[in-house]
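Asks: A structural model of the following input is requested.
(chains A and B)
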Amino acid sequence: MTRDLVVQFLAQGAQMTLVLLIAPLAVGVVRRVKARLMRRQGPPLLQAYLDLAKLLRKESVIAEGASWLFRSAPYLIFALTWVAAALVPSFASGLMFNWAADVVALVALLGAARALLALAGMDVGTSFGGIGSSREMMIATLAEPAMMLIVLTLAIAAGTTRLAGVADFFIAEPFAVRVSMALSLIALVIVALAENARIPVDNPATHLELTMVHEAMVLEYSGRHLAVIEAAAALKLVLYFSLIVCLFVPFGIAGPDAGIPAFGLGVLAYLAKLLGLAVLLPIGETSVAKMRVFRYPLFVGSAFAAAALAVFLLFVSKGF
Amino acid sequence: MSRLQFDVAHLLAGGMLVLSFALLYQDRIIAVINVFALQAIALSLSVAWQALVQNAPHLLVTAAIALVVKGFVVPFFLQRIVRALQIHRGIEQVIGAGPTMLTGLGLVALSILLVQPVGEVSIYVREDLAFALAVILLGLLLMITRRNAVTQVIGFMSLENGLVLAATGAKGMPLVVEISVAFSILIAFIVFGVFVFRMRERFDTVDVSALDRFRGERRDVA
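Replies: A predicted model of the protein is given here:
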C-alpha cells in the first residue's frame, strides 16, 4: 500500500515535470514544421528554451502606473496553467491527483488564468491591451459553452467527468464508430484553436497587428514576466494536446494498477501522439487563412453547434 | 441489428444531419450546392446500408436514384442555372447564420422530443425517425431563411432527402411509392427551374421578395 502511494506520487511528479519540460519543445516542433511548410529554414527545435533562458536573464521593464496585479498575474497564470496541465492524464491514468482531474475543474482553472490575463492586459491602460482583453473575453464567452457541452457529452458517454475515468472507459470499450464522439472532437479542436490563439482565430507569429489577441494582451510584458507568460502559453498548448489525446486516442495510457514498464510505454506512446499533433497543427494552420474578427462568433459558434449536436445524438442513441 | 450495423447507420444518418447544418452555415451559393450534393451522397450511402442490413435489394434502386439524380444531375444543373444567371456570389439571408444555427439546434431538440414518445419500436427506428424529422425541419428552415429562389429549391430538395431517410429506415416501404416520390420531386425541380428563369426574365432578380412587391404587399420596400 505504501509502495503504491510512493509510485503514484512519483508518477504524478514525473507527469508534472514532463509537461513542463516538453512544453517549449512542442512549441519548437510546431514552429519548425510550420517554417518548413513555408519553405523557410525555421529556428532550431530548442529555440524556445533558449528564448526562455534569455528572457529570464533580461531586465523586466514595468510601465509606470502598473499595479501589483500586473506584476503578480504572470506567476498566477503560470501556476494555474501548470496545475491544469499536470491534471490531464498523459501517460498513466492512476495518478495521485486523478480524483481532482475533472474536466469541469480544468475549465475553471483555465478560466481563472484567462481572467487574470485579461485583467493584466487592461492594467497598464494601453489601447492594445484593452483590445486584446475584450477580444479574448469575446472568444471565451463563445468557447466556454462549447467546452461545457463537450464535457456533457463525455459525461453522458462515460458516466463520469473525471478525465482518468473517461480514458479508462474508452480503453475498455470495444472499438466502435461514434458520431457524437467525432462531433465533440471537432468541437474540441475548434475550441483548442481559439483558446491557444492559433491561426484561423489569432496568429501566434504576429507582432503589432490590429487583429492580434493574445500578443496584444501581453504586449507590455518583458523580461522574466514575459518568459513566465510564454511558458504558460506553451503549457496551455501541451495541455490541449494532452486533452485531445487523453479523451479521443487514449490507447497506450497505463491503467490504474500499472507498473514501471507500463509507465515507460505510456510515456513513449504519449510523446509519439504529441508529436503527431504538433505536426498536424501547423499543417492545418498553413492550409487556412486567418479569419476576420467579425467571423469569430460564427466559427467558434460552430463548435458550440457541433457539441450540442453531439449531446443530442447521444441522447437519441442512449435514450432518456 | 448488431452493434456495428447500428453504429454505421447512426454515422450516416448523423452525417446527413451535420450536412444540413453545413447548408445553413454556408453563405455562398456554389458551396450550398456542393454541400447539398454531399448530403445526397450521404443519403444514398445510408439507403444502401439499409438495403444490406434489412436484406432488401429494392432499396439499392432508391440509393442509385438518390446518388445519380440528387448527387450529380441536380447539382450539375443547379450549377449551370447559377452560372447562367450570374448569381454565384453571396446569398441574402433574412436572418444571420448564427441565429439560424441556434434555431436549427432547437429544431433538432424538438424533433428528438417529438419522436421520444413513439414507444414500442426498436431504438434504431426511433433514432432514424428523429434524424429524418430533424433533416426535414432544417430543410424547411433553409427555405424560410433564404430569399434566393435557388437556395430555396435546395432547401426543398434537402427536405426531401429527410423524407427518403425516414422512409427507408422503416421496414416494408414499397418501391413504387419511392419511385413516385422521386418522380414528383423531379417534376417539382423542373417547375422550380422554369419558375426561376421566368422570374429572372420578369424581375431581373431571383430574390423572392420581388414577388411580394409585385403582388402589392410590402410597398414600403423600394
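Asks: Which SSE is immediately downstream of the longest helix seen in chain B?
Replies: Longest helix in chain B by number of residues, with DSSP state H as the criterion: helix B:175-203. Once the chain leaves helix B:175-203, the next helix or strand it forms, by DSSP states H and E, is helix B:209-215.
Asks: Looking at the longest helix of chain B now, give me its mean pLDDT.
Replies: Computed over helix B:175-203, the mean pLDDT rounds to 75.
Asks: May I see the buried residues of it?
Replies: Going by neighbour count (16 or more other Cβ atoms under 10 Å in any protein chain shown), the buried part of helix B:175-203 is B:178, B:181, B:182, B:185, B:189, B:192, B:193, B:196, B:199, B:200. The way it works is simple: take the backbone N, C-alpha and C, and place the C-beta from them, glycine included.
Asks: Just put those in a markdown table and tack on distance to chain A.
Replies: A markdown table is the format used below for the buried residues of helix B:175-203 (distance: Cβ to the nearest Cβ, whole Å):
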| residue | distance to chain A |
| --- | --- |
| B:178 | 25 |
| B:181 | 25 |
| B:182 | 27 |
| B:185 | 27 |
| B:189 | 29 |
| B:192 | 29 |
| B:193 | 31 |
| B:196 | 28 |
| B:199 | 30 |
| B:200 | 30 |
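Asks: Identify the residues contacting the closest residue to residue A:22 other than its chain neighbours.
Replies: Once flanking residues are discounted, residue A:22 sits nearest to residue A:238: 6.5 Å by Cβ to Cβ, 6 or more residues apart in numbering or on different chains. Listed by Cβ atoms under 8 Å, 6 or more residues apart in numbering or on different chains, the contact set of residue A:238 reads A:19, A:22, A:23, A:26, A:85, A:274.
Asks: Let me know the closest of these to chain B.
Replies: Chain B lies nearest to residue A:274 out of these, by Cβ to the nearest Cβ, at 28.1 Å.
Asks: and the strand or helix carrying residue B:141, does that touch chain A?
Replies: Taking DSSP H and E as the criterion, residue B:141 maps to helix B:123-145. Yes. Helix B:123-145 is in contact with chain A by Cβ under 8 Å from any Cβ of the partner chain, via B:123, B:126, B:127, B:130, B:131.
Asks: Assess the claim that the second one and residue B:118 are in contact.
Replies: Yes. Taking contact to mean Cβ atoms under 8 Å, the distance of 5.9 Å between residue B:126 and residue B:118 places them in contact.
Asks: of those two, who's got more company?
Replies: Comparing residue B:126 with residue B:118 by other Cβ atoms under 10 Å in any protein chain shown, the one with more neighbours is residue B:126, at 21 against 11.
Asks: where does chain A come near chain B, residue by residue?
Replies: Contact residues (Cβ under 8 Å from any Cβ) of chain A with chain B: A:174, A:176-180, A:183, A:297-298, A:301-302, A:305-306, A:308-309, A:312-313, A:315-317, A:319-320.
Asks: cutoff 10 Å now
Replies: A:174-180, A:182-183, A:186, A:297-299, A:301-302, A:304-306, A:308-313, A:315-320 (Cβ under 10 Å from any Cβ of the partner chain).
Asks: Over whichever strand or helix holds residue A:302, what's the mean pLDDT, rounded is fine.
Replies: Taking DSSP H and E as the criterion, residue A:302 maps to helix A:296-318. The average pLDDT for helix A:296-318 rounds to 86.
Asks: Send me that helix as PDB with only the CA atoms.
Replies: In PDB, the C-alpha atoms belonging to helix A:296-318 read as follows (Å, rounded to 0.1, in the frame of the first residue of the first chain):
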ATOM      1  CA  TYR A 296     -15.100  34.500 -34.900                       C
ATOM      2  CA  PRO A 297     -18.700  34.200 -33.500                       C
ATOM      3  CA  LEU A 298     -19.700  32.000 -36.400                       C
ATOM      4  CA  PHE A 299     -16.500  29.900 -36.300                       C
ATOM      5  CA  VAL A 300     -16.400  29.300 -32.600                       C
ATOM      6  CA  GLY A 301     -20.200  29.100 -32.600                       C
ATOM      7  CA  SER A 302     -20.000  26.200 -34.900                       C
ATOM      8  CA  ALA A 303     -18.000  24.400 -32.200                       C
ATOM      9  CA  PHE A 304     -21.000  25.000 -29.900                       C
ATOM     10  CA  ALA A 305     -23.300  23.700 -32.600                       C
ATOM     11  CA  ALA A 306     -21.200  20.600 -33.100                       C
ATOM     12  CA  ALA A 307     -21.000  19.900 -29.400                       C
ATOM     13  CA  ALA A 308     -24.800  20.500 -28.900                       C
ATOM     14  CA  LEU A 309     -25.400  18.100 -31.800                       C
ATOM     15  CA  ALA A 310     -23.200  15.500 -30.200                       C
ATOM     16  CA  VAL A 311     -25.200  15.800 -27.000                       C
ATOM     17  CA  PHE A 312     -28.500  15.400 -28.900                       C
ATOM     18  CA  LEU A 313     -27.200  12.400 -30.800                       C
ATOM     19  CA  LEU A 314     -26.000  10.800 -27.600                       C
ATOM     20  CA  PHE A 315     -29.500  11.400 -26.100                       C
ATOM     21  CA  VAL A 316     -31.100   9.700 -29.100                       C
ATOM     22  CA  SER A 317     -28.900   6.600 -29.000                       C
ATOM     23  CA  LYS A 318     -28.900   6.300 -25.300                       C
END
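Asks: Could you check the angle that helix makes with helix B:123-145?
Replies: 150 degrees (axes from the mean of the first three to the mean of the last three Cα atoms, to 10 degrees).
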